[in-house]
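*Asks:* Structure here, sequence nowhere to be found:
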């Protein structure tokens, strides 16, 4: 029996022969894949920037369909974002295309893969540019989103006869309901109210006093309520 060095040398030689045999078996199988030409996944004749340009210069309905915006609004938004430094042109992806990616995604619930196909960019580029647009949404919200004035009635309600004066009655009913809730539903407090209210307790009403009936005009509350109900029903059926 040989020394351990000879045994180790013989073992390595046998392993090397086995590896060579395995190599010659596998080589014919993998050779076609090694020689196969790699095909690009982005094969469209138009780049993303060219596609956006084509949409903006095409029919208005196409831009509305793809980006849910008129071309003029899309261009104005792109110029604003560029001018304010919220988005910037980068190598290969300008501001218009970045905005186009974002609007296309939220308009069509598009996945990253769909955006890759539509705009001919890698998934990493798509993800990075979409994230950059999301990052500026809080800034745009503070700039453009204005909370409505809870005291002032919306102009559309004031100027539409279908809503006024019914809205005034409804708003008064809501206020009265809140007062009753403030008394835990107990209406007994109404029996203990003074006959006259001190002028110091007067409250300014929206749109001025002239738009509200005085005590003489509304002496018969039941008739007024019935008239309003009939008018609302007529307006509903017209």
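*Replies:* Thanks, I have it. What you are looking at is a predicted structure, and each value in this text was computed from that prediction instead of being measured.

*Asks:* Could you spell out which stretches of this structure belong to which domain?
*Replies:* Structural domains annotated on the chain: 48-144, 155-188+200-237, as defined by automatic domain parsing.

*Asks:* Lowest average confidence across these, which one?
*Replies:* For the domains of the chain, mean pLDDT drops lowest on domain 155-188+200-237, to a mean of 62.

*Asks:* Run through the helices of the chain in chain order.
*Replies:* Applying DSSP state H to the chain gives helices spanning 4-35, 48-57, 60-67, 71-83, 95-108, 112-119, 123-135, 137-144, 155-158, 166-182, 221-237.

*Asks:* how many other residues sit next to the residue lying closest to residue 54 once chain neighbours are set aside?
*Replies:* Nearest residue to residue 54, sequence neighbours excluded (Cβ to Cβ, 6 or more residues apart in numbering): residue 46, at 6.7 Å. Yep, even glycine has a C-beta here, placed from its N, CA and C like the rest. Neighbour count for residue 46, taken as other Cβ atoms under 10 Å: 12.

*Asks:* switch to numbering from 343
*Replies:* OK, 343 is where the count begins now, so the last one is residue 388.

*Asks:* wait, doesn't residue 388 sit right on residue 394?
*Replies:* No - at 9.4 Å, residue 388 does not count as touching residue 394 under the criterion of Cβ atoms under 8 Å.

*Asks:* Could you list which residues are in contact with residue 412?
*Replies:* 402, 405, 406 (Cβ atoms under 8 Å, 6 or more residues apart in numbering).

*Asks:* what's the answer for residue 506, then?
*Replies:* 499, 500.

*Asks:* same check, this time on residue 406
*Replies:* residue 412.

*Asks:* Just list the residues touching residue 450, thanks.
*Replies:* Contacts of residue 450 (Cβ under 8 Å, 6+ apart): residue 456.

*Asks:* mind checking how far it is from residue 430?
*Replies:* Here residue 450 is placed at a distance of 26 Å from residue 430 (Cβ to Cβ, to the nearest Å).

*Asks:* Check residue 410 too.
*Replies:* Taking Cβ to Cβ, one finds residue 410 at 24 Å from residue 430.

*Asks:* repeat for residue 477
*Replies:* Counting by Cβ to Cβ, the gap from residue 477 to residue 430 is 13 Å.

*Asks:* Over to residue 464?
*Replies:* 20 Å.

*Asks:* got it, and residue 482?
*Replies:* Distance from residue 482 to residue 430, by Cβ to Cβ: 16 Å.

*Asks:* more neighbours, these two?
*Replies:* residue 482 (15 against 12).

*Asks:* related to what we said a few turns ago, looking at the contacts of residue 412, which one is closest to residue 438?
*Replies:* Distances from the contacts of residue 412 to residue 438 were compared by Cβ to Cβ; the smallest belongs to residue 405, at 11.5 Å.

*Asks:* Assess the claim that the closest one and residue 397 are in contact.
*Replies:* Yes - counting by Cβ under 8 Å, residue 397 is a contact partner of residue 405 at 5.4 Å.

*Asks:* Show me what counts as buried in stretch 386-396.
*Replies:* Neighbour-count burial for stretch 386-396, counted by 16 or more other Cβ atoms under 10 Å, picks out 389, 390, 391, 393, 394, 395.

*Asks:* With respect to residue 499, which of the residues you listed is nearest?
*Replies:* Among these, and counting by Cβ to Cβ, the member closest to residue 499 is residue 394, at 39.8 Å.
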